[in-house]
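Colleague: Show me the folded form of this:
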Amino acid sequence: MKNRKLYELVNFYHIGTDLSCAEAMFLACNEYYHLNLSEETRKMFSVMGIGMQTEQSCCGAFTVAVGIIGRMTAKEGQTDVDNMDGYRLIYKLTEFMMGLYETLHCAELQKLNIIGCENPCHAIVQGIAEKLEELLSNYGVYPSTNPSQLSS
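Modeller: This next block holds a predicted model:
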């Protein structure tokens with residue numbers, strides 16, 4: 001998987017597999033950013049696909065992307081209210097989704113007709129991965145970066 005973009009890894013894990021959008025996003029981000037997140041962490045994210053398994057909630061790939069933003073921006077011992085960098089990145093990711101799709105709701109996203117895509121979920125998940133990679137690279141996080149060595 002060397003020299004692939006994040007979206008290519010997401011597509012590898014998502015398209016033609018039994019993995020949900022959330023599982024694919026988690027595995028791709030874990031690999032791409034060398035996070036070494038545990039199997040226990042994967043289990044936490046595993047039920048977030050398909051709109052938290054109900055189609056009645058937020059897109060699982062988006063939810064995992066938000067978790068990854070938190071992982072990359074939160075400082076040791078910092079509370080949520082202090083993570084303004086994380087807030088800004090999540091706002092930009094949300095703005096991206098709302099601008100393109102006008103919703104974060106899984107069931108509504110699955111009903112979209114996206115030209116050139118048999119399954120709209122594949123295009124949406126790829127788009128989230130592309131935007132996440134862009135946002136994190138603008139923040140200074142790259143695939144070879146060790147997140148514990150980040151400073152801002």
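Colleague: Can you list the helices and strands that the helix ranked longest in the chain packs against?
Modeller: Ranked by number of residues, the top helix in the chain under DSSP state H is helix 120-139. Packing partners of helix 120-139 (3 or more C-beta pairs under 8 Å, 6 or more residues apart in numbering; DSSP states H and E): helix 6-14, helix 21-32, helix 60-73, helix 84-101, helix 106-110. In this view, the C-beta of every residue, glycine as well, is placed from N, C-alpha and C.
Colleague: let's go with 6 Å and repeat that
Modeller: When contacts are defined as 3 or more C-beta pairs under 6 Å, 6 or more residues apart in numbering; DSSP states H and E, helix 120-139 sits against helix 6-14, helix 60-73, helix 84-101.
Colleague: Of all those helices, which one is nearest residue 33?
Modeller: Ranking these by proximity to residue 33 (C-beta to C-beta) places helix 60-73 first, at 7.4 Å.
Colleague: Extract the CA atoms of the closest one and return them as CSV.
Modeller: C-alpha atoms of helix 60-73 as CSV (Å, rounded to 0.1, in the frame of the first residue of the first chain):
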residue,chain,number,x,y,z
GLY,A,60,-20.0,6.3,9.8
ALA,A,61,-17.1,7.3,7.6
PHE,A,62,-17.7,10.9,8.7
THR,A,63,-17.9,9.9,12.3
VAL,A,64,-14.6,8.0,12.1
ALA,A,65,-13.0,11.0,10.3
VAL,A,66,-14.0,13.2,13.2
GLY,A,67,-12.4,10.7,15.6
ILE,A,68,-9.2,10.8,13.6
ILE,A,69,-9.2,14.6,13.7
GLY,A,70,-9.5,14.4,17.5
ARG,A,71,-6.7,11.9,17.6
MET,A,72,-4.5,14.2,15.6
THR,A,73,-5.3,17.5,17.2
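Colleague: No further questions, thank you.
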